[in-house]
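J.: show me how the following folds:
(one chain, ligands or ions: 1)
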Amino acid sequence: MINPSSNLTSSDYDELAGNFVSWRFFLFFLRNAQVLELVVALFVFVAIHSLRQKKRQGLPIWPVLGMLPSLVLGLRGNMYEWISHVLCQQNGTFRFKGPWFSSLNCVVTADPRNLEHLLKTKFPNFPKGHYFRETVCDLLGDGIFNADDETWQRQRKTASIEFHSSKFRLLTTESLLQLVHYRLLPVLENVVNNSISIDLQDILLRLTFDNVCMIAFGVDPGCLSMGLPQIPFARAFEDATEATVMRFVTPTCIWKAMRYLDLGAEKKLKRSIKGVDEFAEKVIRTRKKELSEQISNDKKQRSDLLTVFMGLKDENGQPFSDKFLRDICVNFILAGRDTSSVALSWFFWLLDQHSLVEDKILAEICKIVKERQEFDPKSPLVFRPEEIKKMDYLQAALSEALRKCSFCLFLPLRNQFSDVVVEDDIFPDGTVLKKGTKVIYAIYTMGRMEAIWGKDCREFKPERWLKDGRFMSESAYKFTAFNGGPRLCLGKDFAYYQMKFAAASIIYRYHVKVVKDHHVVPKLALTMYMKHGLKVNLIRRDRSPLHT
Ligand code: HEM
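T.: Modelled structure (predicted):
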């Protein structure tokens, strides 16, 4: 021990200094250990609290970040399966809590009772809302997808009358027949003759793009042609859609700043919308000229949407502006561009794994064809509308494909990210919805829930759609691929006709074999594309045994 009253030697000083340093170090350690302990305790508390929340709310809720970390982890894997898992655990509805600084809070539901409430019973309480409209307005303007209230009602009414008119039906069936027989089948035949593999999804996308442009604009862009050319309008449309989707995953203030500064995805969007507008303006100008000068002999025969809307007047008795005509057409092209083709791609992928289903479809087609009075197996076969109608098993298989691989969860254009509650409300399952809450409904999950489809919900089973061999449709609030209520898909009947016609024409001629080891995964986009397309080989059928 050092005696403080005595004279200190240098070694005493050293000892003293050493003790002092150890003491300070001890104090320093004590203080930091306390901080460390506090940090550890806080962390344990937050972790326990968050995990407790997980039990109650489906996902852990972290301070500041809310459920964002789980969402980020979920996005890294198969997002659709991840959301389905969370929803199933939460009996079909859960409340997502976003970070404090974001507007990501929303209610996600896959409960058919809630769907009926949202899409039909309380339809006016769930409009598309300002957020949705603002995000897509540069591309969609005031078109049907983006409109609420009267603007929507007017377009819906006119388009609905048009979609059910015999002239329009003729246009759709004729245009499809031309495309399938003069463009699709020659392209496929070329593939078979050269023994090459193709991306069937790409071919089908080209088919439906050309088809919907013929219906909306009355113009054929020629995407599906030998050599599969790049068409600037199609490219611009695709780029514009992709860049618009980016806005849904970017904070509003950021994409707005990027738009102002003309940067990144916003720069691409501006450029591609310009391409879409130039094409639309040219078509509108030419059609106006054609109609006013009465040049074309078949002008009275035209029944595309553009011509129909050009002949109508707005609420002030004035012809619709060019901008509004452009919006109407762009929205319809968006509606019919990739929906049927992507559904068909998933259908062929499933068929590849279910040869029994393929055999049954083929048997049905052959039976129907054999009923023709003047059937000649050697002449090229073109299916008639009444034959397509009779293909119940094919319709069941397509519906089953739509159920199993239905459209993606975060599709802003499929309503899921759009409905904002106008007045406080309560879902039939008891979920409280405060005014302004965003509601997402998970179509993909609904197609795979045991509670909705039974124990065999994961199986591909067209038979579930048949009763006494006839196709039976399901409630729109259970099978939500086409939406329901007042906003039920306007093109549903046409989509089925288009898919059945194209599928039957292909299956009758070829066996579609997915290339071995081709990796099929969904892509985060407006519609649930296959990220790497659908690489297939086609094997020509020897048709003679089919008719025995
Ligand atoms: C398998 C094919 C298709 C599926 C699964 C499908 C699905 C849907 C869905 C879910 C909606 C609701 C979107 C919303 O309100 O945000 C919708 C609306 C619509 N669809 Fe389809 N669609 C298909 C094909 C088509 C086709 C081929 C056309 C037209 C050529 C079309 C025209 C429309 C239109 C115009 C709307 C807007 C209805 C409205 O808001 O009043 N659809 N579709």
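
J.: every contact and neighbour count from this point should use C-alpha atoms.
T.: Fine.

J.: pLDDT wise, what is residue 532 at?
T.: Predicted confidence (pLDDT) at residue 532: the value is 92.

J.: and for residue 13?
T.: 58.

J.: go on, the one 4 residues further on?
T.: The predicted local confidence for residue 17 comes out at a pLDDT of 56.

J.: low-confidence bits of the stretch 1-150 of the chain, can you list those?
T.: The model of the stretch 1-150 of the chain has pLDDT under 70 over residues 1-23, 25-31, 45-57, 103.

J.: could you pull out the helices in it for me?
T.: Along the stretch 1-150 of the chain, counting by DSSP state H, counting those that start in this stretch, helices occupy 10-57, 68-76, 79-89, 112-116, 129-140, 149-163.

J.: can you tell me if the shortest one touches the ligand.
T.: No - Helix 112-116 lies apart from the ligand when judged by CA under 6 Å from any ligand atom; the minimum separation is 12.4 Å.

J.: give the buried residues for that helix.
T.: 112, 114, 115, 116 (16 or more other CA atoms under 10 Å).

J.: repeat for the fifth one
T.: Within helix 129-140, the residues that count as buried by 16+ other CA under 10 Å are 129, 131, 132, 133, 135, 136, 139, 140.

J.: farthest pair within the residues you listed?
T.: 129 and 139 (16.3 Å; CA to CA).

J.: ok, back up a step: which of the buried residues of helix 112-116 sits closest to residue 432?
T.: Nearest member of these to residue 432, counting by CA to CA, is residue 114, at 11.5 Å.

J.: right, and the closest one touches residue 428 too?
T.: Yes - here residue 114 reaches residue 428: they are 5.8 Å apart, a contact under CA atoms under 8 Å.

J.: CA atoms only: put stretch 455-466 into PDB for me.
T.: C-alpha atoms of stretch 455-466 as PDB (Å, rounded to 0.1, in the frame of the first residue of the first chain):
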ATOM      1  CA  LYS A 455     -57.700 -29.800 -49.700                       C
ATOM      2  CA  ASP A 456     -56.700 -30.400 -53.300                       C
ATOM      3  CA  CYS A 457     -56.200 -26.600 -53.900                       C
ATOM      4  CA  ARG A 458     -52.600 -27.100 -55.000                       C
ATOM      5  CA  GLU A 459     -53.500 -29.600 -57.700                       C
ATOM      6  CA  PHE A 460     -54.200 -28.800 -61.300                       C
ATOM      7  CA  LYS A 461     -57.600 -30.200 -61.700                       C
ATOM      8  CA  PRO A 462     -59.900 -28.900 -64.500                       C
ATOM      9  CA  GLU A 463     -62.600 -31.300 -63.300                       C
ATOM     10  CA  ARG A 464     -63.400 -29.000 -60.400                       C
ATOM     11  CA  TRP A 465     -65.000 -26.600 -62.900                       C
ATOM     12  CA  LEU A 466     -67.200 -29.200 -64.500                       C
END
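
J.: now do it: distance to the chain's middle.
T.: Here stretch 455-466 is found 22 Å from its chain centre; the criterion is CA atoms, centre = their mean, to the nearest Å.

J.: could you pull out the buried residues of it?
T.: Buried residues in stretch 455-466, counting neighbours by 16+ other CA under 10 Å, are found at 457, 460, 461, 462, 463, 464, 465, 466.
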